[in-house]
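1. Kindly return the folded structure for what I paste below:
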Amino acid sequence: MKLTFAELSSTGPVRHHNEDCTGFWEPEQEEERLIHGTIAAVADGVGGLSCGEIASEANGNNVVGLYF
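-> Predicted coordinates for the structure are as follows:
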């Protein structure tokens, strides 16, 4: 089964920028998908703290990268 991925996030009513991050990886070839599967990650930024967007992006990318 091939998945379709979409993302939508909002800054909310208080923040001026979004600190959330999503990650998604799925092999192109069906046989690879059967072996490795598919992974999606959501990392919620720490609103109001310094560099929350960096932390959430690093976490989201690390989870997807470490899975394989």
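2. Low-confidence stretches in this protein?
-> Residue ranges of the chain with pLDDT under 70: 47-49, 60-61, 68.
3. can you give me the strands in it?
-> Assigned by DSSP state E, the chain shows strands spanning 21-25, 39-43.
4. Need the residues that contact the last one.
-> This points to strand 39-43. Here strand 39-43 makes contact (C-beta atoms under 8 Å, 6 or more residues apart in numbering) with 5, 20-26, 55-57, 59-60, 63-64, 67-68. Any C-beta I mention is one placed from the backbone N, CA and C, and that applies to glycine too.
5. ok so, going back, quick one, which of the strands of the chain is packed in tightest?
-> Highest mean neighbour count of the strands of the chain: strand 21-25, a mean of 18 (counted as mean count of other C-beta atoms under 10 Å).
6. So what touches that one?
-> With contact meaning C-beta under 8 Å, 6+ apart, strand 21-25 is reached by 5, 7, 9, 38-43, 45, 53, 56-57, 59-61, 63-64, 67-68.
7. Run the angle between it and strand 39-43 for me.
-> Angle, strand 21-25 to strand 39-43, by axes from the mean of the first three to the mean of the last three C-alpha atoms, to 10 degrees: 170 degrees.
8. Spell out the residue ranges of the helices in this protein.
-> 30-36, 52-67 (DSSP state H).
9. Looking at the ones you listed, which is nearest to H16?
-> helix 52-67 (11.6 Å; C-beta to C-beta).
10. which parts of the closest one are buried?
-> G52, E53, A55, S56, E57, N59, G60, V63, V64 (16 or more other C-beta atoms under 10 Å).
11. nearest to E31, of those?
-> Closest to E31, out of all of the buried residues of helix 52-67 and judged by C-beta to C-beta, is V64, at 20.3 Å.
12. which ones are touching the closest one?
-> The contact partners of V64, by C-beta under 8 Å, 6+ apart, come to G23, F24, W25, I39, A41.
13. Report the two of these separated the most.
-> Pairwise distances across those (C-beta to C-beta) peak at 8.9 Å, for the pair W25 and A41.
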